[in-house]
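1. fold the following, please.
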Amino acid sequence: MQGTNTYLIGTGPHRVLIDTGEGKPTWKSNLQKVLKEENATVSTVILTHWHPDHIQGVPDVKSICPSAIIHKHTPSKDQKTIENNQVFTVDGATLRTLHTPGHTTDHMAVLLEEEDNAIFTGDNVLGHGTAVFEDLAVYLDSLQKMIDANPTKGYPGHGAVIDDAPGRIREYIGHRQQRENQVVDVLRKTGSKIGSMDIVKIIYVDVPDSLHLAAERGVVKILEKLQSEGKVENVGREWIWQTSSTL
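-> Below is the predicted model of the structure:
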């Protein structure tokens, strides 16, 4: 199973750590080894978002580097906030943060100026597959914000380095638009009430039934976006939808 990527940034005695992983003992020992070899310490930790696989190593960092300051948008106790466009600097690195909600409300991306705005994408954009999101409209806005930052390569929270970050982000936007178009097409063709799982069975006809429940969550997010735009209506106690006159 692919784990969570963490990144140690800088060239001098003080480093920035982006994310802290899942709290695995091997990660702690590897961090200790690298810091000892480079005679360095972690002075700043940037957490891209609150999901456990990105924050569970915080106690390990604090045990190794007690003076490290933990930063997160919407911080917990003993943490400091991260603002949009906040700048963090250490020897060899200038980092600028972007508030990019969608995957989570507190999600942050981070740009590295010394690498022509290489972007640490967190879980908004992955090195493999597609990402999950809480709010589709917000997520799409954040993806566009990431493109507008003119990044080069991407360092994702999971998976391999992305050589062409803008290209991958555009693929994500295109994929989401394709799925939305498919949902709209089904709604138009039925012309009446239809359940979200029925939409899944039409769109994902070649996908095993065991994956339909996961697919339904994405379809529901699309329907919620269309509803916010006045293009569909919820017309029952269950996930049943009806096209509106604006669709």
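
2. give me phi/psi at the spatially closest residue to residue 13 that is not a sequence neighbour?
-> Closest residue in space to residue 13, ignoring its immediate chain neighbours: residue 40 at 5.3 Å, by CB to CB, 6 or more residues apart in numbering. Every residue, glycine included, has its C-beta placed from N, CA and C. Main-chain dihedrals, residue 40, degrees, to the nearest 10: phi -130, psi 170.

3. give the burial count for residue 40, as a bare number.
-> As a burial measure, residue 40 scores 19 neighbours (other CB atoms under 10 Å).

4. which element, helix or strand, includes the closest residue in space to residue 99 that isn't next to it in sequence?
-> Excluding the flanking residues, the one nearest residue 99 by CB to CB, 6+ apart is residue 84, at 4.0 Å. Counting by DSSP states H and E, there is no helix or strand that carries residue 84.

5. so how far is residue 16 from residue 84?
-> Using CB to CB, to the nearest Å, we find residue 84 at a distance of 18 Å from residue 16.

6. would you mind telling me which of those two has more residues around it?
-> Set residue 84 next to residue 16 and count neighbours by other CB under 10 Å: residue 16 wins out with 22 against 12.

7. quick one: low-confidence ranges for this structure?
-> 1-2, 237-239, 242-247 (pLDDT under 70).

8. longest helix in it, please.
-> Ordering each helix of the chain by length in residues (DSSP state H) puts helix 165-190 first.

9. quick check: next helix or strand after it?
-> strand 194-195.

10. can you pull out the strands in the chain?
-> Per DSSP state E, the chain carries strands over the ranges 7-9, 14-18, 41-47, 69-72, 87-90, 93-99, 108-112, 118-122, 154-156, 194-195, 232-234, 240-243.
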